[in-house]
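K.L.:
what shape does this take:
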Amino acid sequence: MIIAKVWGATEAERDDTLPCDELEPRGLQADRAISIAASPGLVYNWLCQLRVAPYSYDLLDNWGRRSPRERDPHLTELEVGQEFMGVFQLQSFVLGRHITLVSGRVAVTYAVRPDGAGTRLVVRARFGMTPIVSWPLAFGDVFMTRKQLLTLRELAEAEARLDTARSDEV
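P.N.:
Take a look at the predicted model:
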């Protein structure tokens, strides 16, 4: 398996159809996925934070500013056309299920799936440029998206643990 095309995604996840597939149907497909010990709703709410920051390598893709470590609940108020991560626009969404973003010939879907007591977060990018451009982008994307998913997992799981601790106190 080529690392630029897959990180963490199962065969079933790679075969599944996602909204970005319709936007760039012949584009290079790159799949990434991670399991998160938090509810799908909480994970989705953290995805909405991508409106204000990339949650990846902040020094590289956020001008050195740290991506927020606390959620802003107003960021879950989505409308098609909103900016995400400074370079993407929200193309479509289903509350609690997915967000699909576009930037030029790149389309990306973040899909939230229940997985036992937690969540599976599946990300697919479709690069619709020529192979000489798509492959290097996919190679760079795997490192940036991997870091993004690990950061989102860390934040969602920390909030889930805090919510559990609060409910145990009551």
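K.L.:
tell me which residue is most central in this structure.
P.N.:
Among the residues of the chain, the one closest to the centroid is residue 110, at 4.4 Å (Cα atoms, centre = their mean).
K.L.:
so which strand or helix has it?
P.N.:
strand 106-115 (DSSP states H and E).
K.L.:
remind me what that strand packs against, helices and strands.
P.N.:
With contacts defined as 3 or more Cβ pairs under 8 Å, 6 or more residues apart in numbering; DSSP states H and E, the packing partners of strand 106-115 are helix 20-23, helix 40-48, strand 88-94, strand 98-103, strand 118-127. In this view, the C-beta of every residue, glycine as well, is placed from N, C-alpha and C.
K.L.:
possible to save those as JSON lines with distance to residue 163 and mean neighbour count?
P.N.:
What follows is these, written out as JSON lines (distance: least, Cβ to Cβ, whole Å; neighbours: other Cβ atoms under 10 Å):
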{"stretch": "helix 20-23", "distance to residue 163": "31", "mean neighbour count": "19"}
{"stretch": "helix 40-48", "distance to residue 163": "8", "mean neighbour count": "21"}
{"stretch": "strand 88-94", "distance to residue 163": "24", "mean neighbour count": "17"}
{"stretch": "strand 98-103", "distance to residue 163": "22", "mean neighbour count": "21"}
{"stretch": "strand 118-127", "distance to residue 163": "14", "mean neighbour count": "24"}
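K.L.:
CSV for the ones you listed, including distance to residue 13 and mean pLDDT?
P.N.:
As requested, those are exported to CSV (distance: least, Cβ to Cβ, whole Å; pLDDT from 0 to 100):
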stretch, distance to residue 13, mean pLDDT
helix 20-23, 13, 98
helix 40-48, 15, 98
strand 88-94, 17, 98
strand 98-103, 13, 98
strand 118-127, 5, 98
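K.L.:
out of those, which is closest to residue 63?
P.N.:
strand 88-94 (16.4 Å; Cβ to Cβ).
K.L.:
other residues contacting that closest one?
P.N.:
Identification of contacts with strand 88-94 by Cβ atoms under 8 Å, 6 or more residues apart in numbering yields 19, 23, 78-84, 98-103, 106-108.
K.L.:
same thing but 10 Å
P.N.:
With contact meaning Cβ atoms under 10 Å, 6 or more residues apart in numbering, strand 88-94 is reached by 19-20, 22-23, 44, 47-48, 50-51, 54, 78-84, 98-104, 106-112.
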